[in-house]
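**Q** sequence and predicted model, in that order:
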Amino acid sequence: MPWFTKWIDTFRAQPGYNDAAQYGVMIVNVPGTEWRCIGVHLLTGAENGGQHNVFMEPVDAAGKRVPGCVAGWTWKDKRPDENAPPTALDKPPSEPAGNIPLGAGQIATVWLIAADGAVLSDRVSGLTTAPAKDDVPGATRFHQSYFVCWQRGTTVPEPPTPDPEPDGDQAQRVAFLEAQIKAIIPVLESGRWHLVDAMDVTIAGVKAAIK
């Protein structure tokens, strides 16, 4: 059985699983899209074998690969003259559906796209070959890889947030907004690259609170 299939099972049992979160990798919900990211895994040394890639898999409700999918990607400080061609997720069943290589120093974001380039899924950002972790054989600095899985039409639990009363209780509204701001401070402090992602995560809740 290929190594990545057990991670699909883990993600399906625990939607939103992300064992790379402590290294700055974020799952960023994109409202209105069909595909949710159900999991991110930072490969072990044995799984990685010295590679430096983001491996990707799109699955249906039963955890089976959905053919015909394409991934888009970019990276921090990408110049206009640098290309990030879409990647077809069409590899053999014995390996993840597709992958992109990560260069030394790159901090990448991946997502699924339609034929016209429209975003179809949650984004996964902060993918780097140099996370702040100890080196192990097969997963050393600049030789780190990730496995990212999206599932079509599923629901990923959101962290609970305060729900302001509809009668407009001012104190509760203020507490709610303070909680939202507090949640994004660590992300903002990690660098301006994460600013848009942090805003994406919290903007819906802030809008709801000030209506």
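**A** Received it, and whenever you're ready, just let me know what you need.
**Q** where does the prediction get shaky in the protein?
**A** Confidence mapping of the chain against pLDDT under 70 gives the ranges 158-211.
**Q** run through the helices of it in chain order.
**A** In the chain, the segments counted as helices under DSSP state H are 5-13, 45-48, 170-189, 195-210.
**Q** for the closest residue to residue 137 other than its chain neighbours, what are its contacts?
**A** Residue nearest to residue 137 in three dimensions, not counting chain neighbours: residue 45, with 4.9 Å by C-beta to C-beta, 6 or more residues apart in numbering. All C-beta atoms are positioned from the backbone trio N, CA, C, and that covers glycine. Residues near residue 45 by C-beta atoms under 8 Å, 6 or more residues apart in numbering: 136-139.
**Q** just the buried members of the residues you listed?
**A** 138-139 (16 or more other C-beta atoms under 10 Å).
**Q** could you measure from the spatially most central residue of the chain over to residue 135?
**A** Taking C-alpha atoms, centre = their mean, the centroid of the chain lies closest to residue 124, which sits 2.1 Å from it. Distance, residue 124 to residue 135, by C-beta to C-beta, to the nearest Å: 23 Å.
**Q** got it, and residue 15?
**A** Going from residue 15 to residue 135 by C-beta to C-beta gives 31 Å.
**Q** have a look at the two and say which one is more surrounded.
**A** More neighbours surround residue 15 than the other of residue 15 and residue 135, with 16 against 11 (other C-beta atoms under 10 Å).
**Q** quick one: contacts for the more buried one?
**A** For residue 15, the contacting residues are 36, 38-39, 151, 154-157, by C-beta under 8 Å, 6+ apart.
**Q** I'd guessed residue 74 sits against residue 109; true?
**A** Yes - between residue 74 and residue 109 there is a contact at 5.6 Å, judged by C-beta atoms under 8 Å.
**Q** perfect, that will be all.
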